[in-house]
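Colleague: here's my sequence, what's the structure:
(4 chains)
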Amino acid sequence: MDTTTRHIKYQADCDPTFAPAIKAIPGCEKLDSCIQCGTCSGICPLSIYMDMPPRRIMNLVRYGFKREVMNSNTVWLCSACYACTVECPRQIKVTDVMYALKQMAIKERLYPKRFPMVVLANQFYKMVRHRGRMNEIHLVTRLYLLTNWFKLLEMARLGIELIRRGRFSVKPDNIERRAELHAILDYEKRYPPTEAAPK
Amino acid sequence: MTKRYTYFPGCSILGTGRACEESTRAVFAELGVELDDLEDWNCCGATAYMSVDEHKALALAARNLALADTKECPELTTPCSGCYLVLNKTQRYMEEYPRVGDKVKCALKDAGLNYTGRVRVRHMLDILVHDVGLDEVRKHVKRPLKNAKIAPYYGCQTVRPYLDFDHQHYPMTIDRLAEALGATPVHFPLKTRCCGGSQMGTLPNVAQRLCYAILREARRQGANLILSVCPLCHFNLDSYQPDIRRRFGEDVSITTMYYTQLVGLAFGMDPETLGLHRNMTWDGSWLEREVLAGATA
Amino acid sequence: MTGIPNTDGNGRRGAAGEEIRIGFYVCHCGMNIASLVDVAAVAKEAAKLPHVIVSREYKYMCSDPGQEFIMQDIRENRLNRIVVAACSPNLHESTFRGAVARGGINPYFFQMVNIREHGSWVHTDAAAATAKAIDQVRAAVARVAKHRPLERRRMEVNQAVLIVGGGIAGITAALNLADAGKKVYLVEREPTIGGHMAKYDKTFPTLDCAACILTPKMSAVREHPNITLWTYSEVTKVDGHVGKFKVTVRRKPRYIDEETCVGCLECISACVFKTPKFEDEFNEGLGKRKPIYIPFPQAVPPLVTIDPETCLKFKTGKCKSPCETVCDRKAVDFSQTEKTEEIEVGAVIVATGFKAFDVTRLPIYGYGLYDNVYTALEVERMVTSSGPTGGEITLRDGRVPKSIGIIHCVGSRDKKTNRWCSRVCCMYSLKLAHLLREHTGADVYQFYIDMRCPGKGYDEFYERMLDEGVQMIRGRAAEVTDWTMSPEEEGKLVVRVEDTLAAYVRRIPVDMVVLSTGMEPAVGADEIRRMFNISCSTEGFFLEKHPKLAPVETATAGVFIAGCCQGPKDIPDTVAQAGAAAAQALALIDKGYVEMEPNTSYIDPDDCSGCKSCIPLCPYHAIAFDEGSKKAVINEALCTGCGTCVASCPSGSISQNLFEDDQIFSEIEEVLSHV
Amino acid sequence: MSEAWEPRIVAFFCNWCTYTAADLAGVSRLKYAPNLRTIRVMCSGRVDPQFVLEAFARGADGVLIGGCHPGDCHYISGNYKCLRRFKMLRRLVRDMGIEEGRLRLEWIAASEGEKLKNVVNEMVAHVRALGPLRLNQKFAEWDEEMNQLEHAVGEAQKAKEPVHA
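Modeller: Predicted coordinates for the structure are as follows:
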């Protein structure tokens, strides 16, 4: 019975800073009023693949089980369809909680290696920052190169079809006033949240 | 009385969603609605930006709102449900959470932009059905789509979390539009269920299962066409049918269309103009079978 | 000091003009006070205070000899003010006021100082406790000198009671009061009394038949000589106040003469509509009725009603009216018009009940979209043997269900609809599970958030249902749809839910879905509330005067509430509350008069600037604006004496009896005079 | 006064909740500091801001107002009215240079004898730490200064004015 692991949780296993950090993000403030009814899980179309139902995530977050939440695939399966947010009888914006957890995981690098969702988010983020617009073909190509390059071969059929039907836009599109965009995106860099923002 | 709206095309319109753009422009031009392009618009950020950074995501989308703020018409419309949601959410959060809103406004000001809050984000479906009106649509119908049995597919981000023009759980706007075109909408319990969205790229097995359920149910309910209102939903439902058949061992093939393409067909427009040849599930026979045959019958 | 009368209304000696002569008494309370507070020192200090003529200490002031001291001193020393330092006024203020009155002076020339609960019992330092006692005594002596004679207000009370709503609450209250010999007017909006309870089949947890226990009570109401029953009627106007409410009741025409109709129902069979065609409200639309109908066979009064919305005589005027010709008592009267009754009553019991949640507000459960989704009330009618299906559980497509899902909290505990718990749904869902299993043998699933079964025999019933094999799934059903993923789901409704205890999302195919709807304030509750001046919670349920200690009283004296209009509750609680409301109403009217503490507020019209700022402050609507004099006026009968208006009057024109500004200021001055 | 200074706190307790809580504290024989001087009102809504100012002016070191918990007011909403006034009053008192801890509003239900004890002990300790307020003495001093000033001004005026016959 060497493989038996301990499942009891001591208070020391919880991270008391976890819930306050999540609740501070807009949309997550009502987390504590969850009654664990399971509506979010029941309505979630992606819950069929989740290792923990969203309802359980809610509870784990509010009581500080950071490691458990960050080890779950639930957050990464959320595709932001907002069904949970709309149906929650406590009006908890569950989708925003999922976003908050993704943000935290990406900032703290707490995600499975070469996890496609994170790579996609990061590549998307960089591309839009660079050009102001997103080019699907470039994005998908980069995604597969970075995660699972032989998928590119699988995608060849679709790619050929898209080219044939004139839906394959190779030329990346840039916006004109990129400096303006960067000024907006880098606002926090210039004025870190701890310092008072200028009026 | 030409109606004028500020138009935000969205990134997918440049590539995979070209047909949506083409048919949207064609149909709205036919109806006398002027779409005034938002100059130098940028990506709304979609779901990916929000996953990385809250402030940056809102600020990115807010630039578009600030650009639209300077336009004569404060009603900003977009053919993409994803863009519709993100722009809408950004606007609402800036009001609901002043802490966030003030910061975004400061960031805009720093870049020489100003956002007063007068912009109203509208879905093009809403404009078509409520501003233009179904009576007006009916007037333009030259080819009633008598044999078309339509599974109306709203997808998630059209109706959730914000929807002020219909019911969120079981909306009927597309159904009524389809009726106005002479088609028959079928009961479609999955009309607002997620297609998987961008998961199609990252976790194809997951997204394809969601699409499988939608395609299968549409056929089971007796539909011969799925009508979608979002370029991404349309792409997922349209392009992956062979993959889904391979994966689940079941033929779920069904014609899919972006809603303006169907409107255009009913208006008697040429399929090329509507970009129908760009759809994977389009081979022209659907038109023969369901429309032309029906028109003569 | 002028203008204060020398004697009060009862000839007891009063105040000014006369020299103020105060008697002071400090109580040892055995050793309770004396063990810490130096009572002798207190008496000695008090004796030095202005106007104090007598200062005494005694072992037990509340005892007969103690009270006798006071009375004797009043007589012998011509005292006209009394201060007693003893226990809490909540305990013995009325005792000493009685002694003061018996001694021959107005009982409000009295002030009590609490040196036990607020003194000896809570302190440990004798010197400090004594000093505190002396300060408080000094304040009381200064205050009592400024007291004025006051009278408890007395108002005559009309002996009749109006009961609004003829459900089980109204019926219970009406019978209680009528049995006690009081005149009762029972007003019901529907054609019959019985309310929601008349629609139920069995009642939890005992499973006795609702009709068997309700209909005898309904008949008793009809036959009771003290009860005037007005069905198909509504209260339209209320004036007056406690003891004397003037109420206007609108009686809708039922086009049947109530005096002559004997309820033979010949007219119904004679109607030109040979088969019932119109939605039957009593059966939740599951059955049909004719334009001339009786809601159900045991309706009280057993009178038929003609619905002008569907009757051809009214719609087209082209009906031969066989109903009229067949009635040998000539009870059918198409010329009937609305009548208005005006009555005067001393008290009112509002028992207007509830409305079941409208399930179309939650389309995720597919009501209206899928035929086999039912509300609990529909199922309640279906399982009743006298109901529209004769007790058969057949679906709208004619099948008998083999599996049934009961969804809890539909329109309860949901911030998007109603946030409160409706209290009864867990239990009635269990009851329906039992009845449905009994009728069909189907598998029953309960989808619940939390099981709430507190009540006598309730948890035992839950346990019994578990033993009977009802499947309990802890999770709020997320949606009901008819799309399928696997062959066993074909032709079924699928409930998608997270079984939260198993932590799995499940799809459960069933033949029938029952929605356990919550309770909402009744239609028209808001008008009733405004007419009777009852406050309501944000939810719209009527607000009791105190959540614990005055659960059936309202902020308006003489208006009582009972049953679900106050909040969701089950039948036992409703009946208990109705009994309590009847007892409270009886206690009020049986005395013949109402007496009130005199600590009401009053306005000095000379100072009132007419700014109206006091008017919205009063939760009892006791302050009105007199358009003639442009001044605010307080209705003493409605004032409860909180003093909130006094503290906020910008011109200082409002005063409160017994808590006059100068009395309180003198207290403040004296408790601080040794600083 | 030769004795050591003791904080003097005037308390306005509503009859239904806080006064009853104090009775309960007594019945339960809880012990608390003897520095309170209690004045009973029917409702905290009756507490006129002038009462509080008068108490400070007459030398109170602190004022405690006790009412029913929100939603429990015997008179439905008197405690809310009290709270509204209290918020204004607190600013006024602060502007007068009186430390915040000297004026307190507490919701103490009839069942909360323990809370009453704690509130009183806490407040007495706090006010003790702040030291005497002695606004009455200050007022007396200010009055004296004002009188002197007025006198001086009067004298100066007199000197300026021409003398009429």
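
Colleague: show the backbone phi and psi for the residue positioned nearest the centre of chain D.
Modeller: By CA atoms, centre = their mean, chain D has its centre lying nearest to D:V63, at 2.8 Å. Per-residue torsions, D:V63: phi -130, psi 130 (degrees, to the nearest 10).

Colleague: give the contact list for it.
Modeller: D:9-12, D:52, D:55-56, D:102-104 (CB atoms under 8 Å, 6 or more residues apart in numbering or on different chains). C-beta here means a position set from N, CA and C on the backbone, and glycine is covered the same way.

Colleague: next helix or strand past the helix or strand containing C:R250?
Modeller: According to DSSP states H and E, C:R250 maps onto strand C:244-251. Using DSSP H and E, the helix or strand that follows strand C:244-251 in sequence is helix C:266-270.

Colleague: next one: the helix or strand just after that next one to chain centre, how far?
Modeller: Note on helix C:266-270: by DSSP H and E, the next helix or strand toward the C-terminus is strand C:278-279. For strand C:278-279, the separation from the chain centroid amounts to 35 Å (computed by CA atoms, centre = their mean, to the nearest Å).

Colleague: neighbouring strands of strand C:278-279 in the sheet, and parallel or not?
Modeller: strand C:288-289 (antiparallel) (DSSP bridges).

Colleague: for the nearest residue to C:E324 once chain neighbours are set aside, give me phi and psi.
Modeller: Spatial nearest neighbour of C:E324, chain neighbours left out: C:V332 (4.3 Å); criterion: CB to CB, 6 or more residues apart in numbering or on different chains. When read as degrees, to the nearest 10, the backbone of C:V332 gives phi -80, psi 130.

Colleague: these two touch, right, C:V332 and C:K313?
Modeller: No - in this structure, C:V332 is not within contact of C:K313 by CB atoms under 8 Å, at 9.6 Å.

Colleague: out of those two, which sits in the busier spot?
Modeller: Each of C:V332 and C:K313 has its neighbours counted (other CB atoms under 10 Å in any protein chain shown); C:V332 has more, 24 against 20.

Colleague: that older thread, pull up the overlap in contacts between C:V332 and C:K313.
Modeller: Residues touching both C:V332 and C:K313 (CB under 8 Å, 6+ apart) are C:306, C:321.

Colleague: per-residue pLDDT, residue 108?
Modeller: Using chain A here. Looking at A:E108, its pLDDT is 92.

Colleague: nope, chain D
Modeller: Per-residue pLDDT puts D:I108 at 93.

Colleague: show the contacting residues for it.
Modeller: Contacts for D:I108 were tallied using CB under 8 Å, 6+ apart; they are D:17-18, D:21, D:66-67, D:115-116, D:119.

Colleague: of those, which one scores lowest on pLDDT?
Modeller: Lowest in pLDDT among the contacts of D:I108 is D:C17, which has 88.

Colleague: can you tell me the closest non-neighbouring residue to it?
Modeller: Ranked by CB to CB, 6+ apart and with sequence neighbours excluded, the top spatial neighbour of D:C17 is D:C68, at 3.8 Å.

Colleague: state the distance from the residue nearest to C:E324 to chain A.
Modeller: Computed as CB to the nearest CB, to the nearest Å, the C:V332 to chain A distance reads 51 Å.

Colleague: please report how far that residue lies from chain D.
Modeller: From C:V332 to chain D the distance is 50 Å (CB to the nearest CB).

Colleague: confidence score at that residue?
Modeller: With respect to pLDDT, C:V332 scores 95.

Colleague: from C:A270, how far out is it?
Modeller: Using CB to CB, to the nearest Å, one gets 10 Å for the distance from C:V332 to C:A270.

Colleague: between the two, what contacts are shared?
Modeller: Common neighbours of C:V332 and C:A270 (criterion: CB under 8 Å, 6+ apart): C:C323.
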